[in-house]
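**Student:** Sequence and predicted structure below; questions after.
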Amino acid sequence: MVLYCRVSLNSFVESMEKTSGPGSSFTIPAVGLMHLVPPEEVEYGLSLLRESIGLYEERKGIPVEKSKQAMPFFRQDSRMLVGPEIGMYVIPLYERRGNPRHSAEPSLVLELDYQSLGELCLFENYSLLSCKYEKEPVLNHFMAQLEKEYDTFFFDEEHTGFTPGSRFFSMLCNACLEVKHPSSIEDKEWRLALLRSPEEASYRYECGNLIPYLPVTLPVECLRRVYLEEFQRQPLLFGTLNGFLKSKGLPAEQLLNLS
């Protein structure tokens, strides 16, 4: 099995800065989730978690005045989840290459080996998540977790309403990272995800915004193919990219393809 990752040409060149043939590595930025996806996507996943809390309370006969369904999930004036001050960083991956997306700069699609990604996640404490698109299984999953976790969380002004062993923060993260609207099911998206504090992130200025990211180092053997999109717009690029890959000690003839 392979997964596909779309990157800009500039990002790809930068990712190969320290690559020097077999046994070396390259990097892909994992971007802060809140800067990567539209707010309504995150809100949808959290709305299912909120709905599951309401269903659980209804099942257990918990009165409305004691309900936790309306508790805030984000810190005040921030898109950071309540609980530990931890950010979610993501590399979007897909089961298929999809259609080229027109942009000002040529883009590449990297074909990555699933098994190599899985092994990397085991060693580096990353997560490789398959997005969930069906509502009922998601609600049932949250309901099952609430059987153990409901009594362990609450909200207060200092965001301290979590016992040390509570998995509620993980449930919040799962709702944001894994759940997508059923209308997006054709995306067949996976996500390589990291949870890190803001102090560990790097930052770049882009299109009037400050974007947090973490460089994820991948073994070069993870790279199966490199697809050049919209070749007609840059007819010299294929040959130049071929030379670039060879300069990095990589088998350009095997790796480089035209979409």
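**Tutor:** Nice, thanks for sending it over. All values reported here derive from a predicted model rather than from experimental measurement. Numbers count the residues shown, from 1 in each chain.
**Student:** all strands for the stretch 1-150 of the chain, in order.
**Tutor:** Listed in chain order, the strands of the stretch 1-150 of the chain (DSSP state E, counting those that start in this stretch) span 2-8, 25-32, 87-94, 107-113, 127-130.
**Student:** In JSON lines: those, plus distance to residue 62, mean neighbour count and mean pLDDT.
**Tutor:** C-beta coordinates here come from the backbone N, C-alpha and C atoms, glycine included. Output for these, formatted as JSON lines (distance: least, C-beta to C-beta, whole Å; neighbours: other C-beta atoms under 10 Å; pLDDT from 0 to 100):
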{"stretch": "strand 2-8", "distance to residue 62": "42", "mean neighbour count": "19", "mean pLDDT": "93"}
{"stretch": "strand 25-32", "distance to residue 62": "35", "mean neighbour count": "21", "mean pLDDT": "94"}
{"stretch": "strand 87-94", "distance to residue 62": "29", "mean neighbour count": "22", "mean pLDDT": "96"}
{"stretch": "strand 107-113", "distance to residue 62": "45", "mean neighbour count": "20", "mean pLDDT": "93"}
{"stretch": "strand 127-130", "distance to residue 62": "31", "mean neighbour count": "16", "mean pLDDT": "96"}
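**Student:** Tabulate those (TSV), appending distance to residue 207.
**Tutor:** Output for those, formatted as TSV (distance: least, C-beta to C-beta, whole Å):
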stretch	distance to residue 207
strand 2-8	13
strand 25-32	13
strand 87-94	18
strand 107-113	16
strand 127-130	27
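**Student:** In contact with the closest residue to residue 86 other than its chain neighbours, which residues?
**Tutor:** Spatial nearest neighbour of residue 86, chain neighbours left out: residue 195 (5.1 Å); criterion: C-beta to C-beta, 6 or more residues apart in numbering. Neighbouring residues of residue 195 by C-beta atoms under 8 Å, 6 or more residues apart in numbering: 86-89, 173.
**Student:** Of those, which pair is most distant in space?
**Tutor:** 89 and 173 (11.2 Å; C-beta to C-beta).
**Student:** confidence score at residue 97?
**Tutor:** Residue 97 is assigned 86 on the pLDDT scale.
**Student:** From residue 112, how far out is it?
**Tutor:** 12 Å (C-beta to C-beta, to the nearest Å).
**Student:** Now list whatever residues contact both of those two.
**Tutor:** residue 4.
**Student:** Does residue 166 touch residue 152 like I think?
**Tutor:** Yes: look at residue 166 against residue 152 with C-beta atoms under 8 Å: they come within range, at 4.1 Å.
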